[in-house]
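K.L.:
How does the following fold in three dimensions:
(one chain, ligands or ions: 3)
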Amino acid sequence: MSAPTTVRGLEDAPTSHAALLSWVREVAALTTPERVVWCDGSEQEWTRVTDELVDAGVLVRLNPELRPNSFWCRTDPTDVARVEERTFICSVDEADAGPTNNWMAPAEMKARMTALYRGSMRGRTMYVIPFCMGPLTAESPMFGVEITDSPYVVASMRVMTRMGTAVLEKMGGDAAFVPALHSIGAPLEPGEADVAWPCNTEKYISHFPESREIWSYGSAYGGNALLGKKCFSLRIASTMGRDEGWLAEHMLILKLTSPEGATKYIAAAFPSACGKTNLAMLEPTIPGWTVETLGDDIAWMRFGDDGRLYAVNPEYGLFGVAPGTDWKTNPNAMRTLAAGNSIYTNVALTDDGDIWWEGMGEPPAHLVDWKGRDWTPGGEELSSHPNSRFCTPITQCPILAPEYDDPRGVPIDAILFGGRRKTTIPLVSEARDWVHGVFQGATLSSETTAAAVGQVGVVRRDPMAMLPFIGYHAGDYFRHWIEMGKGRAGDESLLPRVFYVNWFRRGDEGQFLWPGFGENSRVLKWVVERLEGRGGAVETPVGYVPSAADLDLSGLDVAPADIEAALRIDAEEWKAEIPQITEWFEKFGDKLPAVLWAELDALKARLGVH
Ligand SMILES: Nc1nc2c(ncn2[C@@H]2O[C@H](COP(=O)(O)OP(=O)(O)OP(=O)(O)O)[C@@H](O)[C@H]2O)c(=O)[nH]1
Ligand SMILES: O=C([O-])CC(=O)C(=O)O
Ligand SMILES: [Mn+2]
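P.N.:
Ligands and ions are numbered 1, 2, ... in the order given. I've put the predicted structure just below:
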């Protein structure tokens with residue numbers, strides 16, 4: 001295909017990368033934008049794009065004294081979360097997508113989406129965003145290029161990724177990259193007025209794992225549109241990890257230092273809106289302990305030459321759940337945001353040009369809500385969408401660990417799996433060994449949240465918190481985890497130890513039994529004590545669980561009965577899980593590693609179930 005010469009910006013591309021140039025020309029010819037802009041990632045570009053978005057009414061500039069260089073954004077009320085029903089893994093062979101993904105044949109998906117992309121950028125600017133997931137100084141930097149017709153995506157990608165000229169230069173003339181095509185699917189006819197949040201009711205979030213391509217259409221929201229995040233760093237990267245012997249996981253990474261100065265690195269996988277950002281930025285309530293942040297959502301983990309598993313955060317920003325974020329729950333997020341340079345999507349606007357959301361103390365007397373309407377306290381409706389988000393540079397985090405930019409990553413001592421369960425799952429348990437840890441991860445369950453479109457509060461299995469993000473057959477993914485445990489050095493003692501946590505267990509009155517947030521440092525302390533061979537625990541059918549006496553509860557104002565209830569293993573509740581786990585495992589047929597069936601049998605035996 002040759003590009004129409006009328007497309008401005010196509011002839012003076014700032015790269016000689018032939019494959020990139022021909023892809024950009026091909027997309028321009030298909031989508032017929034008014035002009036093409038190559039993003040350089042500069043401050044001036046941010047200012048130009050955000051100014052344009054303010055002029056267009058997409059962004060509102062917040063009060064610079066309160067929120068410097070920061071913006072309020074409202075989306076279309078139908079475009080507020082990831083769309084799992086419209087997310088596809090288009091592997092060549094249907095069996096490779098497995099029972100947990102939607103599948104369509106690549107040729108059929110490409111034919112459908114090509115028809116949708118034809119002319120889809122008419123009247124708009126097509127932006128080319130060269131980006132790199134993880135440090136640019138990596139031995140093999142993980143390049144991507146997103147083409148998008150959404151300036152909101154451009155501004156957000158500048159926060160969330162390392163992007164622009166430095167990336168393009170590093171790519172040189174022939175580096176491999178993941179092409180990530182995004183269109184909101186809202187062409188503008190000459191003279192037609194734009195709406196504040198153009199998108200399309202028809203949406204596709206498609207992944208082509210063999211050719212490592214991403215095609216997204218119809219949504220401009222979060223994980224549907226910022227294609228470096230879930231699409232590249234989890235779905236495509238998980239298939240790369242399967243092929244190359246590493247792991248791409250939905251995990252935060254934190255550094256924990258004891259009063260004695262001993263340092264541990266912990267990675268934790270919780271489903272969307274289940275506490276990763278909060279744990280990653282935790283302010284310990286126990287004296288002398290410190291937490292530093294490395295990442296809040298994604299970890300890429302590979303073995304080092306010493307046989308240990310090293311984790312890198314591929315992202316450069318935080319795309320965090322707004323509601324519930326407050327000086328009391330997550331002061332470090334509040335400090336990060338106070339530094340400015342942030343975009344707030346679907347929260348409420350105060351009369352003095354600040355933002356507000358549920359959980360941020362007392363509401364002001366008047367707000368403009370996320371739908372643009374006047375809002376006063378006491379009504380039925382929330383001021384902010386439950387999946388409203390802040391998008392802010394990770395470099396502004398006051399407790400950012402200096403190692404976050406180290407391409408080698410940090411050696412992981414412990415992996416936590418966690419979910420949001422009202423019952424059954426204790427505050428914390430330790431796996432008996434790696435395979436048991438993989439079993440805990442593979443059977444992880446959680447109540448659904450507003451982070452994805454659909455019903456909220458339904459318990460579903462969410463293996464390793466990756467259910468919507470595994471880019472291939474989940475049975476093969478479990479096998480890959482088991483294989484990884486064999487380690488490079490063949491020494492299990494080098495592997496991270498595995499723990500399973502639940503901050504969300506409820507009491508009879510529906511109250512959270514455990515206070516959570518900064519108090520979770522007490523659980524982390526116990527984890528460290530276990531790693532060091534000191535912490536006490538009771539061996540239960542589901543793993544090693546601390547008794548209340550094994551946890552440091554000094555100064556904690558919680559009824560002892562609630563602590564007991566948070567730690568309790570109720571055999572009847574666990575017996576009720578067995579048929580659900582069995583049904584879950586049966587989905588994977590002979591792809592389910594036999595050792596996981598053996599783990600289930602062992603659990604049944606320990607529970608006395610036959
Ligand atoms: N009760 C309780 N709520 C918590 C805790 N940690 C986080 N939350 C709440 O859970 C919600 C989601 O927390 P986040 O830390 O943003 O979750 P996340 O896993 O980073 O979510 P994604 O960004 O969607 O992946 C917020 O409303 C938090 O206030 C906790 O320890 N206890
Ligand atoms: O991807 C998104 O839209 C936001 C996010 O982090 C998640 O849902 O886990
Ligand atoms: Mn998060």
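
K.L.:
gap between the closest residue to Gly340 other than its chain neighbours and Asn341?
P.N.:
Leaving out its chain neighbours, the residue that sits closest to Gly340 by CB to CB, 6 or more residues apart in numbering is Pro68, at 3.4 Å. Just so you know, the C-beta spots here come from the backbone N, C-alpha and C atoms, and that holds for glycine as well. Distance of Pro68 to Asn341, computed by CB to CB, to the nearest Å: 7 Å.

K.L.:
And Val291, by the same measure?
P.N.:
Taking CB to CB, one finds Val291 at 23 Å from Asn341.

K.L.:
Please identify which helix or strand holds whichever residue of the chain sits closest to ligand 2.
P.N.:
Nearest residue of the chain to ligand 2, counting by CB to the nearest ligand atom: Gly223, 2.2 Å away. Gly223 is part of helix 222-225, with elements assigned from DSSP states H and E.

K.L.:
tell me the mean pLDDT for that helix?
P.N.:
For helix 222-225, mean pLDDT is 98.

K.L.:
what sits up against whatever helix or strand comes next after that helix?
P.N.:
Sequence order places helix 237-244 as the next helix or strand after helix 222-225, per DSSP H and E. Counting by CB atoms under 8 Å, 6 or more residues apart in numbering, helix 237-244 makes contact with 133, 142, 209, 212, 246-248, 300, 314, 466, 469-472, 476-477, 480, all of which sit outside it.

K.L.:
now helix 237-244, how far from the centre of its chain.
P.N.:
Relative to the chain's own centre, helix 237-244 is displaced by 17 Å; criterion: CA atoms, centre = their mean, to the nearest Å.

K.L.:
in it, what's buried?
P.N.:
For helix 237-244, a neighbour-count test (16 or more other CB atoms under 10 Å) marks Ala237, Ser238, Thr239, Met240, Gly241, Arg242 as buried.

K.L.:
ok, the third one to ligand 1 distance?
P.N.:
Noted for Thr239: a distance of 21 Å to ligand 1, by CB to the nearest ligand atom, to the nearest Å.

K.L.:
So for the lengthiest helix in the chain, mean pLDDT?
P.N.:
Longest helix in the chain, counting residues (DSSP state H): helix 571-586. Summarised as a single mean, pLDDT over helix 571-586 is 97.

K.L.:
Show me what secondary structure element comes after it.
P.N.:
Next along from helix 571-586, by DSSP H and E: helix 594-607.

K.L.:
relative to helix 571-586, how tilted is that next one?
P.N.:
160 degrees (axes from the mean of the first three to the mean of the last three CA atoms, to 10 degrees).

K.L.:
Please list the residues outside helix 594-607 that contact it.
P.N.:
435-436, 438-439, 442, 478, 482, 541-542, 571, 574-575, 578, 581-582, 585, 610.

K.L.:
CA-only coordinates of it in CSV, if you can.
P.N.:
Provided in CSV are the C-alpha atoms of helix 594-607 (Å, rounded to 0.1, in the frame of the first residue of the first chain):
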residue,chain,number,x,y,z
ALA,A,594,-0.8,-33.7,37.1
VAL,A,595,1.0,-32.3,40.1
LEU,A,596,-1.8,-29.8,40.6
TRP,A,597,-4.4,-32.7,40.7
ALA,A,598,-2.1,-34.3,43.2
GLU,A,599,-2.1,-31.1,45.3
LEU,A,600,-5.9,-31.1,45.2
ASP,A,601,-6.0,-34.8,46.3
ALA,A,602,-3.6,-34.0,49.2
LEU,A,603,-5.7,-31.0,50.3
LYS,A,604,-8.8,-33.3,50.2
ALA,A,605,-7.0,-35.9,52.3
ARG,A,606,-6.0,-33.3,54.8
LEU,A,607,-9.5,-32.0,55.0
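
K.L.:
got the residues of this protein near ligand 2?
P.N.:
Counting by CB under 6 Å from any ligand atom, the positions of the chain adjacent to ligand 2 are Arg82, Gly222, Gly223, Lys229, Lys230, Ser272, Asp297, Phe319, Ala451.

K.L.:
Report how many residues lie close to the nearest residue to the fourth one once chain neighbours are set aside.
P.N.:
Distances taken as CB to CB, 6+ apart place Gly223 nearest to Lys229, at 5.7 Å, with adjacent residues excluded. If you count neighbours by other CB atoms under 10 Å, Gly223 ends up with 26.

K.L.:
Just confirm Gly223 contacts Cys231, I think it does.
P.N.:
Yes: applying CB atoms under 8 Å, one finds Gly223 in contact with Cys231, separated by 7.4 Å.

K.L.:
circling back: report the buried members of the contacts of helix 594-607.
P.N.:
By neighbour count, with 16+ other CB under 10 Å, those hold Val435, His436, Val438, Phe439, Ala442, Phe478, Ile482, Pro541, Val542, Trp574, Ile581, Phe585 as buried.

K.L.:
Pick the one among the residues you listed closest to ligand 3.
P.N.:
Nearest to ligand 3, judged by CB to the ion, of the buried ones among the contacts of helix 594-607 is Ala442 at 22.4 Å.

K.L.:
Mind pulling up the pLDDT for the closest one?
P.N.:
Here the pLDDT value assigned to Ala442 is 98.

K.L.:
Pretty sure it sits against Pro463.
P.N.:
Yes: using CB under 8 Å, Ala442 makes contact with Pro463 at a distance of 4.9 Å.

K.L.:
Please enumerate the shared neighbours of these two.
P.N.:
Phe478.
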